[in-house]
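S.K.: I'd like to go over a predicted model; first the sequence, then the structure.
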Amino acid sequence: MAKHDKKDMVKRHVKLHRNLDELIACFYIETGLLAGTTTLMEFMEWSHKMTVKPTCATVEEENELGS
């Protein structure tokens, strides 16, 4: 693996980790459930539901981000 490829992979992983942290925080705010008290499947189902029909909190956050 080329050195620049590894740097790109690290940057991508850091970005994904930040996004996951944000998603987990949103999950907690919306549901009151901690990551350790739910299954990965429940978390993924909730996450998908937010892409189909976002709640007011997720819509407000996106508006603040200018998306």
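M.R.: Received, thanks.

S.K.: tell me, what residue is most central in the protein?
M.R.: residue 23 (2.6 Å; Cα atoms, centre = their mean).

S.K.: any idea which element it lies in?
M.R.: Secondary-structure assignment from DSSP states H and E places residue 23 in helix 3-31.

S.K.: Could I get the buried residue list for that helix?
M.R.: Within helix 3-31, the residues that count as buried by 16 or more other Cβ atoms under 10 Å are 26, 27, 30. Where you see a C-beta, it was placed from the backbone N, CA and C, and this is true even at glycine.

S.K.: How far does it sit from its chain's centre?
M.R.: 8 Å (Cα atoms, centre = their mean, to the nearest Å).

S.K.: what's next to stretch 40-59, contact-wise?
M.R.: 23, 24, 26, 27, 29, 30, 31, 35, 62 (Cβ atoms under 8 Å, 6 or more residues apart in numbering).

S.K.: low pLDDT regions in the chain?
M.R.: Within the chain, the stretches with pLDDT under 70 are 1-2, 56-67.

S.K.: can we see that at 50?
M.R.: In the prediction, the chain carries no residues with pLDDT under 50.

S.K.: List the buried residues of the helix or strand where residue 47 lies.
M.R.: Element membership of residue 47, judged by DSSP H and E, is helix 40-52. For helix 40-52, the neighbour count (16+ other Cβ under 10 Å) marks 43, 46, 50 as buried.

S.K.: I am finished for the moment; much appreciated.
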